[in-house]
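A.B. asks: My questions are about this predicted structure, shown below with the sequence.
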Amino acid sequence: SAWTDADGAPCVQFVRRYGAPLNVEATRLFRLEPTSAVLIVRQRLERTAPSEIPVVLWNVSQIAQAEQIALPTEKNSAFRGGLKALMGRLPPRKQLARCGDAAVYRVSPGAETKLGSDSPRGWIAAARGTEIVFEAVANTVAGTYPDGGCVVEVYSNQGLGYSEIETLSPELALEPGTVLENVLRIQLASTEAPLAACPLADAVRALAAP
């Protein structure tokens, strides 16, 4: 379904029902802010009948020809240095810049990698030239996150020409009639010139600020 809110914001809602063995109704409500380049996505899973299969709200956005990916890192992370290598080892220093409480992965020719962060700040961003795609997830339910505790992840395959920025929720075994919800904010931004890794991290922190 689609409509326009009173403030002029266009909205679209998708609903899909999955039967046995999953028994879930999935809803995604997209709202494009009328005066800014911000898309709000309200995501919801409701268990409609008994099922032993756990569920997670896992959003994947593919970015063509991304050059840099910024992720938050925490000093008290369960991962060494705040990042977990989900494919092989962490990238070498020439590909991974440490910028205070953030890290920036530089996409290099022929490189393929997947990294995760357990930062509760829950943001991630991809940059290409002067363009930035920023995403932040707000989870209100406690629980164990997938992939050993990852709140955000990046998968990048330079050979195929794209990178994925991913946000996750806790993985839960829902009882019938209960729901799992979160809110995703996607924002487009631009800079006057392409940014080096740590200035990019500063720009992304500014986008993440309330």
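C.D. replies: Received it, and whenever you're ready, just let me know what you need. Residues are numbered from 1 along each chain as shown.
A.B. asks: Centre-most residue in this structure?
C.D. replies: residue 167 (2.8 Å; C-alpha atoms, centre = their mean).
A.B. asks: Can you report how many residues lie near the spatially closest residue to that one that is not a sequence neighbour?
C.D. replies: Nearest non-adjacent residue to residue 167, counting by C-beta to C-beta, 6 or more residues apart in numbering: residue 137, 3.8 Å away. C-beta coordinates here come from the backbone N, C-alpha and C atoms, glycine included. Counted by other C-beta atoms under 10 Å, the residues lying close to residue 137 total 22.
A.B. asks: now residue 145
C.D. replies: Residue 145: 20 neighbours (other C-beta under 10 Å).
A.B. asks: cool, and the one 5 residues further on?
C.D. replies: Using other C-beta under 10 Å, residue 150 has 24 neighbouring residues.
A.B. asks: tell me which element the residue nearest to residue 167 is part of?
C.D. replies: Assigned by DSSP states H and E, residue 137 belongs to strand 131-139.
A.B. asks: Output the contacting helices and strands for the helix or strand following that strand.
C.D. replies: As assigned by DSSP H and E, the chain's next helix or strand after strand 131-139 is helix 146-149. Judged by 3 or more C-beta pairs under 8 Å, 6 or more residues apart in numbering; DSSP states H and E, helix 146-149 is in contact with strand 83-85, strand 112-117.
A.B. asks: before we move on, the earlier item: go ahead and confirm the residue nearest to residue 167 touches residue 59.
C.D. replies: Yes - the criterion here is C-beta atoms under 8 Å, and residue 137 meets it with residue 59 at 7.3 Å.
A.B. asks: Give the residues shared as contacts by those two.
C.D. replies: In terms of C-beta atoms under 8 Å, 6 or more residues apart in numbering, residue 137 and residue 59 are both contacted by the residues 167, 168, 184.
A.B. asks: sorry, back to before: Provide the strand pairings for the strand holding residue 137, with the direction of each partner.
C.D. replies: Take DSSP bridges as the rule and strand 131-139 pairs in its sheet with strand 123-128 (antiparallel), strand 179-190 (antiparallel).
A.B. asks: looking only at pLDDT, what's the mean for the shortest one?
C.D. replies: If I follow you right, that is strand 123-128. For strand 123-128, mean pLDDT is 98.
A.B. asks: go on, stretch 7-27?
C.D. replies: 98.
A.B. asks: What is the linear distance spanned by that stretch between its boundary residues?
C.D. replies: Criterion C-alpha to C-alpha, to the nearest Å; first-to-last residue distance in stretch 7-27 is 23 Å.
A.B. asks: what would the helices and strands packed on helix 146-149 look like in CSV with mean neighbour count?
C.D. replies: Output for the helices and strands packed on helix 146-149, formatted as CSV (neighbours: other C-beta atoms under 10 Å):
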stretch, mean neighbour count
strand 83-85, 19
strand 112-117, 21
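A.B. asks: Serialize those strands to CSV and add fields for mean pLDDT.
C.D. replies: Output for the helices and strands packed on helix 146-149, formatted as CSV (pLDDT from 0 to 100):
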stretch, mean pLDDT
strand 83-85, 98
strand 112-117, 97
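A.B. asks: Could I get these in CSV, plus columns for distance to residue 66?
C.D. replies: Putting the helices and strands packed on helix 146-149 into CSV (distance: least, C-beta to C-beta, whole Å) gives the following:
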stretch, distance to residue 66
strand 83-85, 17
strand 112-117, 12
